[in-house]
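Student: Quick check, what structure comes out for this input:
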Amino acid sequence: MSATPPDELSPAQRWFALAVQDLAAAQILVADGSAALRIAGFLAQQAAEKALKAGLFAASIAAPRIHGLNQILARYPSTRSPNVDADDLDLLDPWVMDGRYAADLPDLSRAEADRLLLAARRVLDSVLASEPSLDLRS
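Tutor: Next up is the predicted model:
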């Protein structure tokens, strides 16, 4: 991340930092293998959701209190919309619920978890490409 104190970050940057942290936690869970991979699926979805909301804040648009990734993306003006792959959003979207309430579902396989992590990474990268002010590494 950055040496910038959290209280000096814009709301958009704080949301994007949370997205980066969720993705990092998901990657650790998958690499470690000691926790249910469905948790990594949930965190991957959360990373994408928070990144999309960060982009809205960067565009001076209030982020809606919804979880549907396609619904969040639809809030962007066409001139500020990140170039995300709809297939990535469709892959991640169910995990907001499945990751929380998975009592009747089989756990994710490692390959499925890796696909979710890659999809989330692409969403974060797309949001960052459309809103360079979110990059906290400088």
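Student: what's around the residue nearest to S133 when sequence neighbours are not counted, how many residues?
Tutor: Spatially, and ignoring its direct neighbours in sequence, S133 is nearest to A58 (6.0 Å; Cβ to Cβ, 6 or more residues apart in numbering). Yep, even glycine has a C-beta here, placed from its N, CA and C like the rest. Applying other Cβ atoms under 10 Å, we find 21 other residues in the vicinity of A58.
Student: Please apply the same query to the one 4 residues further on.
Tutor: A count of nearby residues for A62, using other Cβ under 10 Å, gives 10.
Student: Spatially, what comes nearest to it if we skip its sequence neighbours?
Tutor: Counting by Cβ to Cβ, 6+ apart, the nearest residue to A62 once its immediate chain neighbours are dropped is L56, at 7.2 Å.
Student: Let me know the pLDDT of the one you found.
Tutor: Predicted confidence (pLDDT) for L56: 97.
Student: Right, I'll call it a day here.
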